[in-house]
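Novice: fold the following and give me the result.
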Amino acid sequence: MLKKYDQFSINDQTIKSTLGRKPTDFEWEVLKHVYYSRYLNNPIPGINNIINHGGNYLKIDESTQLAVGMESKGSIISTSAVKACTALGIKPRLKYKSKQSKISFGIAQKTTHQNPIITGHEELLFLQDNKVLVSACADIMALESVIVKHINPASLGYGLNSISNNKYGMDIYLSSAAQISILSDKNTHGVLIIATQYLSGKIKGICKKHKQSCVHLGSLKKIQFMSISVRKIMKANLPLSILNITEPPKISIVPAVPKSGKKEKLKKFKELKNYSSHVLELCKIVKKQKWNVYKPQKDSVGSFSLIPGKNDFAVSIPDNIHLLNKEIKTSNRIVISNAARQLVCKGYKPIGVALILHGGDMKKNDNQWYMREIFMGAVEATQLMGIEIFRPIITCDNKNHPGLELCVVGKRINESIAINESFVSENDFITMLGSHRGELSSSIYQQKIQKQENTKIPAVDLRMETRLQETVLQGIQSGLIKSAVNISNGGLAVSLVKSLQNAEKVIGARIHLSRKLRQDEMLFGETQGMVIVSIGERDLMEFERICMTIGLPSTTIGRVTGDGRFKFNDVVNLDVNKL
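Specialist: Alright, predicted model coming up:
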């Protein structure tokens, strides 16, 4: 869905002064389509840096490439969740789907050497999207030294200009003057192929075999001009500089000052002698949480899903997305860390995050500011954790704005290691990684049990988060960690229950945690950056050494038992079968 903001214009005087003459009527047509295509891909100057951030592909190694495509209702630029995979000649292996959005993940395995370096002597071919495009691209990608770029609707002019990158010129060949409209035509979408003259003949043969349309647009050249010929007659010869006149500086985006609200008065509760009933109630609430759909669903558990194949890759979504309604920038750091931590607890190293940012009226400075705040929170979190951000998309006129949907993808650190959240053996030590601050603000316990609302959210320490993830991955890699579970919704109590629910029936846990915190804070506080792991008795000292070396607080809080009961200090005593 393309949103037109009626801000598209061409500065006639700048064009004339840059060119040194008045453009011909046909040259005006060329400029109009190139600039309109650029505008449709960058319609709002205040957030163009977000749209242009990152790409749709991540190189894993010399033979493996990860493709991520996204789409959403109300997107300000036209995108498709499957196009990124189509360009690599593959179909998505895993699809995330919500009521509004789709994110597709595909893995391309290549045995031939791909050379993405452009020399300025390549041919340009365009393949229109249709049912056979995937199979045609699969054969084309088997060739060496071929570059394939997916083109969204109305983006051919923008794509060609991006390929040139103000460095290489182009000779474009058209069969008629009217054909110049394909540069910004919303019905024109597919893939743009850059290949040597020798390979272009093979590509045309592949297209003929698959009955795939193939338009030979022209070729690149080292002279920095775009020339356009119609039936071999040159109609335009424009310097690249005239196609890339920068936008005038815009006024800084400053949000309106929000009205100061009333200070929240939270009711104080007396500590109870027994919290067993609260643990059971909270577990039921968390268990009823509904997650957006992963397909195929057979490889999904809650907010975590494997990408079918060798299970080398997995994807997770945050299970505490409700915090985004509280404080935008900090909560964004929290939810990205949460999704990444889920991967880490399964033995996957986070490598990339796909973001869909939901906004309101993008003409308003306040909404543009919200989008930038959400995005900057994501950038800060991913940079510290060493995670790539795939090219985000932004929606407008969304009723639930500002909002965010995201998926974090990770790669398994060791194929021979399989780990989950279930406790394994009696007498294993239970260790808490991270510092428990007992934050009940905006927790499920505070909302559902205490029936109180709070705009405050827990703090997040991104530097400590990176240490936590490093420690868990190193512990799993070395075989010291037997199980790992992320502390999130429901706090420590619910995480411990998760580790007991799928374990053997006789397995239980005895926890003794001494802190300057209330019992309900220790049980249900949703402090960020915490993980519960189980360690064999012989391996505990070695694991503690790793924690000290990395600089991560760790506390042994109990042991796995064989009595089938969950005990926490003197305030919880439950039969595991009731959990």
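Novice: quick one: low-confidence parts of the protein?
Specialist: Counting by pLDDT under 70, the low-confidence segments of the chain come to 1-7, 111-116, 247-264.
Novice: how is this structure partitioned into domains?
Specialist: Split into domains by automatic domain parsing, the chain comes to 12-63+110-243, 271-293+420-579.
Novice: beta partners of the residue most central in space within the chain?
Specialist: The geometric centre of the chain, computed from its C-alpha atoms, lies nearest to residue 354 (C-alpha atoms, centre = their mean), at 1.5 Å. Residue 354 has these beta-bridge partners by DSSP bridges: residue 407.
Novice: how far off centre is the lengthiest helix in the chain?
Specialist: Using DSSP state H, we find that the single longest helix of the chain is helix 365-385. Chain-centre distance of helix 365-385: 13 Å, with C-alpha atoms, centre = their mean, to the nearest Å.
Novice: give me the residues contacting the following helix or strand past it.
Specialist: Per DSSP states H and E, helix 365-385 leads on to strand 388-389 as the next helix or strand towards the C-terminus. Residues from elsewhere that reach strand 388-389, judged by C-beta atoms under 8 Å, 6 or more residues apart in numbering: 53, 54, 58, 351, 352, 353, 355, 378, 379, 382. C-beta here means a position set from N, CA and C on the backbone, and glycine is covered the same way.
Novice: what ranges do the strands span in the stretch 51-200 of the chain?
Specialist: Ranges of strands within the stretch 51-200 of the chain are 57-59, 64-72, 94-97, 101-109, 123-128, 147-151, 169-174, 190-195, based on DSSP state E, counting those that start in this stretch.
Novice: could you dump these to CSV with mean neighbour count?
Specialist: Compiled in CSV, the strands of the stretch 51-200 of the chain are given as follows (neighbours: other C-beta atoms under 10 Å):
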stretch, mean neighbour count
strand 57-59, 17
strand 64-72, 23
strand 94-97, 20
strand 101-109, 22
strand 123-128, 21
strand 147-151, 21
strand 169-174, 19
strand 190-195, 23
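Novice: wait, which of these is closest to residue 495?
Specialist: With C-beta to C-beta, the closest approach to residue 495 among the strands of the stretch 51-200 of the chain belongs to strand 94-97: 24.1 Å.
Novice: list of residues touching that closest one?
Specialist: Contacts of strand 94-97 (C-beta under 8 Å, 6+ apart): 81, 102-105, 292-296, 299, 305-308, 315, 317, 407.
Novice: pull out the buried members of those residues.
Specialist: Neighbour-count burial (16 or more other C-beta atoms under 10 Å) applied to these gives 81, 102-105, 292, 294-295, 299, 305-307, 315, 317, 407.
Novice: the residue nearest to the centre of the chain: what's it in contact with?
Specialist: Shown in contact with residue 354 (C-beta under 8 Å, 6+ apart): 68, 70, 103, 390, 392, 406, 407, 409.
Novice: what about the second one, distance to residue 411?
Specialist: Using C-beta to C-beta, to the nearest Å, one obtains 20 Å as the distance from residue 70 to residue 411.
Novice: next: the first one.
Specialist: Separation of residue 68 from residue 411 (C-beta to C-beta): 14 Å.
Novice: with residue 117 instead?
Specialist: Residue 117 sits 26 Å away from residue 411, going by C-beta to C-beta.
Novice: cool, and residue 271?
Specialist: 45 Å.
Novice: looking at those two, which is more packed in?
Specialist: residue 411 (20 against 10; other C-beta atoms under 10 Å).
Novice: got phi/psi on the more buried one?
Specialist: phi -110, psi 140 (degrees, to the nearest 10).
Novice: now swap in the one 4 residues further on and tell me
Specialist: Torsion angles at residue 415 (phi, psi; degrees, to the nearest 10) stand at phi -60, psi -30.
Novice: circling back to that earlier point, quick one: buried ones out of the contacts of strand 388-389?
Specialist: 54, 58, 351, 352, 353, 355, 378, 382.
Novice: out of those, which is nearest to residue 560?
Specialist: Relative to residue 560, and with distances defined as C-beta to C-beta, the nearest of these is residue 351, at 32.0 Å.
Novice: wait, that closest one sits on residue 60?
Specialist: Yes: counting by C-beta atoms under 8 Å, residue 60 is a contact partner of residue 351 at 7.5 Å.
Novice: pull up the overlap in contacts between these two.
Specialist: Common contacts of residue 351 and residue 60 (C-beta under 8 Å, 6+ apart): 66, 411.
Novice: chain center to stretch 516-526, what's the gap?
Specialist: Here stretch 516-526 is found 32 Å from its chain centre; the criterion is C-alpha atoms, centre = their mean.
Novice: send over that stretch as PDB, restricted to the C-alpha atoms.
Specialist: The C-alpha trace of stretch 516-526 is given here as PDB (Å, rounded to 0.1, in the frame of the first residue of the first chain):
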ATOM      1  CA  LYS A 516      16.500  -7.400  51.200                       C
ATOM      2  CA  LEU A 517      13.300  -7.800  49.300                       C
ATOM      3  CA  ARG A 518       9.700  -8.800  50.100                       C
ATOM      4  CA  GLN A 519       8.700 -12.400  49.300                       C
ATOM      5  CA  ASP A 520       6.300 -11.300  46.600                       C
ATOM      6  CA  GLU A 521       9.000  -9.100  45.000                       C
ATOM      7  CA  MET A 522      11.400 -12.100  44.900                       C
ATOM      8  CA  LEU A 523       8.700 -14.400  43.600                       C
ATOM      9  CA  PHE A 524       7.000 -12.200  41.000                       C
ATOM     10  CA  GLY A 525       9.200  -9.200  40.300                       C
ATOM     11  CA  GLU A 526      10.000  -9.000  36.600                       C
END
